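Trainee: this is a predicted model, with the sequence first.
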Amino acid sequence: MRFPSYRLKGALAAAAIGVGLHAVPASAVDIGDRTEIHGFGFQGYVQTSGNEYLGANHRGTWDYNTLSLIIATKLDDKTKLWSMLDNNPDGTRLGWMFVDRQLGENITVKAGQSKLPWGLYGDILDARALQQSAVLPAIYSDAADMRDEAYRGGGITYTPGNFILEGFLGQVVNLGQAVDAGSVKDRRLIGGRATYKTPVEGLRLMASAFSSGVEDTITGKTKNFRSAALSADFVRDNWDVKAEYAKKTFEADTQGYYVQVGYMVGEKWTPYARYDYIVMDKAKKSDPSYYQKSAVVGIDYKITGSVSVRLEEHLNHGYGLPVGSAEVLPGAGKTNWRMFAASLNFLF
Amino acid sequence: MITKKQLAMGALVVGLAASMSAQAGDVVVIVNKANANALDKDFLIKAYSGDVKNWPDGSTLQLIDQGEENPIRAEFDSAFLGKQLSKMKITWAKNTFTGKALPPKVVDGDDAVKKAVAGNKDAIGYIGASSADSTVKVILK
């Protein structure tokens, strides 16, 4: 299903922002006792000084947006049916749809299609309102292809003490990522994520990993796609500090890390800064076509508790991401370039 | 003419008043009188963060929050959960948008919360200490 026109999509986004501006509490649309509808979205603008990336060049693009609806239905006291519909420039898609059931005080199981729990942002990739920047760190970019977006299968969550342990097993679902879906099939997947809430108030540590078998439809051979991330997240008082390191082993070894610091000034303003590094192919780590170092500075302004606007500037050295997204050919890009990004983020 | 000393004293009084308003003693956590589960602050934090969904006896937690505009909500978040209201909103938005848990049911006003808790064996909520009475059980203060 596609929305019939951008006019309708714009009207939906405007309505959603209007709902957010009226500071509606988290339970935005409550249909009886059993079903709730929530949503989030963003409208972004991206402009670059040189290389094309995220569909943007020096003329800029507004084609950077998502609108998502989440429908949750309580089937009984311990069982829920969840589904999420995404609409972005690639069209409308089912982000996830699964049934979960609580088996005990600390155990929940689920079956269906789910976002992949990987790192701090893997399962909230499009929810910009819950993130700190307008453009996610490089390790989350489709261009880097370090993580799959969703899987179809089963998962279990166990929460003993200060730990949250998640495990999953199934098959990769590609939702329009850089992986060439035409050349692969049957990506069997196994993985997990462990989160530890440390005794230091506000500090979480996390480790995520998954492995999937990628079968080449031409040769019939299966290769292993392995990806892992180590994450630290410190949110206390007005501080929000995040750091992650990730590594992928497949046709090329990719690794990257970032450190991001934000500090809320008063109730509305949060300036932030990030240093971001990625090397798309370790064997070519000194070639600017295959690495990218970015210094990012930005500011977030909360219009209401549910709507914010964000402006940020990226100073880049190397153009590994534009090459990874196939928007620039290796050797043909500008080594030093800038990118400006802005976004209006909302949830309801 | 207000002197700097008077301004400083005024600021101190305002600061003290603000910090006192967030003391746990002003807010109490209540459950149904028939609820025999033990509860400590760690469990409460996990429950109101969506990390725990069941009571120790296996029944499903029915969380109740008060409205965002009601000052008791921010007091509860700060005194019992150790977080600002805005941070708790983000926590529940993440829970919702990852399909982890739905936010607590919002019931506004101490009387309405007492009525909801008294009518549901698995419910848990919070009210002003002065509103507590024999229709519910105070489990944390």
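Mentor: Structure's in. What do you need?

Trainee: contact residues of chain B facing chain A?
Mentor: B:46, B:51-56, B:58, B:60, B:67-68, B:82, B:86-87, B:89-90, B:92-94, B:96-100, B:102-103, B:105-106 (Cβ under 8 Å from any Cβ of the partner chain). All C-beta spots, glycine's among them, are computed from the backbone N, C-alpha and C.

Trainee: would you list the buried entries among these?
Mentor: B:46, B:51-55, B:68, B:87, B:89-90, B:92-94, B:96-100, B:102-103, B:105-106 (16 or more other Cβ atoms under 10 Å in any protein chain shown).

Trainee: tell me who's in contact with A:R274.
Mentor: For A:R274, the contacting residues are A:133, A:137, A:258-261, A:294-296, by Cβ atoms under 8 Å, 6 or more residues apart in numbering or on different chains.

Trainee: need the strands for the stretch 1-150 of chain A, in chain order.
Mentor: For the stretch 1-150 of chain A, applying DSSP state E, counting those that start in this stretch gives strands covering A:29-31, A:35-48, A:61-76, A:79-88, A:91-102, A:107-115, A:150-158.

Trainee: among those strands, which is nearest chain B?
Mentor: Among these, the nearest to chain B by Cβ to the nearest Cβ is strand A:79-88 (4.1 Å).

Trainee: thinking again about what came up before, just the strands of the stretch 1-150 of chain A: most buried one?
Mentor: Each of the strands of the stretch 1-150 of chain A was scored by mean neighbour count; the highest is strand A:35-48, a mean of 21, by mean count of other Cβ atoms under 10 Å in any protein chain shown.

Trainee: in its sheet, what does that one sit against?
Mentor: strand A:29-31 (antiparallel), strand A:61-76 (antiparallel), strand A:336-347 (antiparallel) (DSSP bridges).

Trainee: got the ones you listed as a markdown table, with mean pLDDT and distance to B:N37 columns?
Mentor: Shown next, in a markdown table, are the strands paired with strand A:35-48 (pLDDT from 0 to 100; distance: least, Cβ to Cβ, whole Å):
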| stretch | mean pLDDT | distance to B:N37 |
| --- | --- | --- |
| strand A:29-31 | 58 | 27 |
| strand A:61-76 | 92 | 21 |
| strand A:336-347 | 96 | 33 |
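
Trainee: which of those strands sits closest to A:R226?
Mentor: Nearest to A:R226, of all those, is strand A:61-76, at 28.3 Å by Cβ to Cβ.

Trainee: that closest one vs strand A:91-102, what angle?
Mentor: Put simply, strand A:61-76 runs at 30 degrees to strand A:91-102, going by axes from the mean of the first three to the mean of the last three Cα atoms, to 10 degrees.

Trainee: tell me how far strand A:61-76 lies from the chain's centre.
Mentor: A distance of 13 Å separates the centroid of the chain from that of strand A:61-76, by Cα atoms, centre = their mean, to the nearest Å.

Trainee: pull the CA atoms of that strand into PDB?
Mentor: Provided in PDB are the C-alpha atoms of strand A:61-76 (Å, rounded to 0.1, in the frame of the first residue of the first chain):
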ATOM      1  CA  THR A  61      16.800  17.500  -0.300                       C
ATOM      2  CA  TRP A  62      13.600  17.200   1.800                       C
ATOM      3  CA  ASP A  63      13.300  13.600   0.800                       C
ATOM      4  CA  TYR A  64      14.400  12.500   4.300                       C
ATOM      5  CA  ASN A  65      11.400  11.600   6.400                       C
ATOM      6  CA  THR A  66       9.500   8.800   8.100                       C
ATOM      7  CA  LEU A  67       6.000   8.500   9.500                       C
ATOM      8  CA  SER A  68       5.300   5.400  11.600                       C
ATOM      9  CA  LEU A  69       2.200   4.100  13.300                       C
ATOM     10  CA  ILE A  70       2.200   1.600  16.000                       C
ATOM     11  CA  ILE A  71      -0.900  -0.400  16.900                       C
ATOM     12  CA  ALA A  72      -0.900  -2.500  20.000                       C
ATOM     13  CA  THR A  73      -3.800  -4.800  20.900                       C
ATOM     14  CA  LYS A  74      -4.100  -6.600  24.200                       C
ATOM     15  CA  LEU A  75      -5.200 -10.200  23.400                       C
ATOM     16  CA  ASP A  76      -5.400 -11.100  27.100                       C
END
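
Trainee: and it with strand A:79-88, angle?
Mentor: Following the same axes, to 10 degrees, one obtains 170 degrees for the angle between strand A:61-76 and strand A:79-88.

Trainee: of all the strands paired with strand A:35-48, which one comes closest to B:L140?
Mentor: Nearest to B:L140, of the strands paired with strand A:35-48 and by Cβ to Cβ, is strand A:61-76 at 26.9 Å.

Trainee: okay if I get the strands paired with strand A:35-48 as CSV plus distance to A:L116?
Mentor: Shown next, in CSV, are the strands paired with strand A:35-48 (distance: least, Cβ to Cβ, whole Å):
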stretch, distance to A:L116
strand A:29-31, 27
strand A:61-76, 16
strand A:336-347, 21
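
Trainee: closest one to A:F40 among those strands?
Mentor: In terms of Cβ to Cβ, the element of the strands paired with strand A:35-48 nearest to A:F40 is strand A:336-347, at 4.0 Å.

Trainee: so for that closest one, what gets flagged as buried?
Mentor: Using 16+ other Cβ under 10 Å as the test for burial, strand A:336-347 gives A:337, A:339-347.

Trainee: specify which member of those is nearest to chain B.
Mentor: For those, the nearest to chain B is A:L347 (5.5 Å; Cβ to the nearest Cβ).

Trainee: I figured that closest one hits A:A127, correct?
Mentor: Yes. With contact defined as Cβ atoms under 8 Å, A:L347 reaches A:A127; the gap is 7.1 Å.

Trainee: what sits against the residue nearest to the spatial centre of chain B?
Mentor: Centroid check for chain B by Cα atoms, centre = their mean gives B:F76 as the closest residue, at 3.5 Å. Going by Cβ under 8 Å, 6+ apart, B:F76 touches B:27, B:66, B:126.

Trainee: give me the buried subset of the residues you listed.
Mentor: Applying 16+ other Cβ under 10 Å to the contacts of B:F76 flags B:27, B:66, B:126 as buried.

Trainee: could you dump those residues to JSON lines with secondary structure and pLDDT?
Mentor: Shown next, in JSON lines, are the buried ones among the contacts of B:F76 (DSSP: H, G, I helix; E, B strand; the rest coil; pLDDT from 0 to 100):
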{"residue": "B:V27", "secondary structure": "strand", "pLDDT": "94"}
{"residue": "B:Q66", "secondary structure": "coil", "pLDDT": "95"}
{"residue": "B:Y126", "secondary structure": "strand", "pLDDT": "97"}
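
Trainee: from the contact counts, what lies against the helix or strand A:V235 falls within?
Mentor: Secondary structure from DSSP states H and E places A:V235 in strand A:222-236. Where contact means 3 or more Cβ pairs under 8 Å, 6 or more residues apart in numbering or on different chains; DSSP states H and E, strand A:222-236 is packed against strand A:203-216, strand A:239-249.

Trainee: which one of those strands lies closest to chain B?
Mentor: Nearest of those (Cβ to the nearest Cβ): strand A:239-249, 9.6 Å.
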